[in-house]
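In: predicted coordinates and the sequence they were generated for:
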Amino acid sequence: MTRQLLQTVAALVSGTVFGFGLALSGMLDPTRVQGFLDIFGAWDPSLVFVLGGAVLVAFMGIQIMDRMARPTFDDTFHVPAKREIDAPLVIGSALFGLGWGIGGFCPGPAIASLSVGLGQSFLFVAAMLVGMTIHDRMWSRRGR
């Protein structure tokens, strides 16, 4: 198998496992996510386990990556070089959080929920794609 085919297969398997995990955990249900985010109201703490599991998996992945000379199916690891916290990061994070709280979706679960036909997920993904396109066009004009 060629490297490109192996990368594609690895991405497909990883995406499938990720989508299955999102569905199994309840992250495809926007009302459940909004209940988790409503810490001063009818808080649903069940997604704390999803968050904890994600942090644990990411931590282990970083530990493994640090011990590897290079990835299995690529020449280098693709990690952000920029480490400082600046205004675009803070503003983007705030917009992400607002969108998550209002819509009950973040990008991964929104895309995964398209497979179950939730009407609001189609609207969310369309709005997300419009926002990404506008951002890319505005950001590329600034020379970044």
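Out: Thanks, I have the structure now.
In: nearest residue to residue 35 other than its sequence neighbours?
Out: Leaving aside its chain neighbours, residue 35 sits nearest to residue 44 (3.5 Å; criterion: C-beta to C-beta, 6 or more residues apart in numbering). (Glycine included, C-beta is placed from N, CA and C.)
In: then residue 26?
Out: Residue nearest to residue 26 in three dimensions, not counting chain neighbours: residue 32, with 4.8 Å by C-beta to C-beta, 6+ apart.
In: counting contacts, what elements does the helix or strand in which that neighbour is found pack onto?
Out: Using DSSP states H and E, residue 32 sits in helix 30-37. Judged by 3 or more C-beta pairs under 8 Å, 6 or more residues apart in numbering; DSSP states H and E, helix 30-37 is in contact with helix 87-103.
In: how about the helix it packs on as CSV, C-alpha atoms only?
Out: Presented in CSV, the C-alpha positions along helix 87-103 are these (Å, rounded to 0.1, in the frame of the first residue of the first chain):
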residue,chain,number,x,y,z
ALA,A,87,-6.5,38.3,20.7
PRO,A,88,-7.5,36.1,17.7
LEU,A,89,-7.2,33.0,19.8
VAL,A,90,-9.3,34.5,22.7
ILE,A,91,-11.9,35.9,20.3
GLY,A,92,-12.1,32.6,18.3
SER,A,93,-12.4,30.6,21.5
ALA,A,94,-15.2,32.9,22.8
LEU,A,95,-17.1,32.5,19.5
PHE,A,96,-16.6,28.8,19.5
GLY,A,97,-18.0,28.6,23.1
LEU,A,98,-21.0,30.8,22.2
GLY,A,99,-21.8,28.7,19.2
TRP,A,100,-21.5,25.6,21.2
GLY,A,101,-23.7,26.9,24.0
ILE,A,102,-26.4,28.3,21.6
GLY,A,103,-26.5,25.5,19.1
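In: got a list of contacts for the helix or strand following it?
Out: Downstream of helix 87-103, the first helix or strand assigned by DSSP H and E is helix 107-113. With contacts defined as C-beta atoms under 8 Å, 6 or more residues apart in numbering, helix 107-113 is touched by 18-19, 22-23, 27-28, 33, 103, 105, 121, 124-125, 128.
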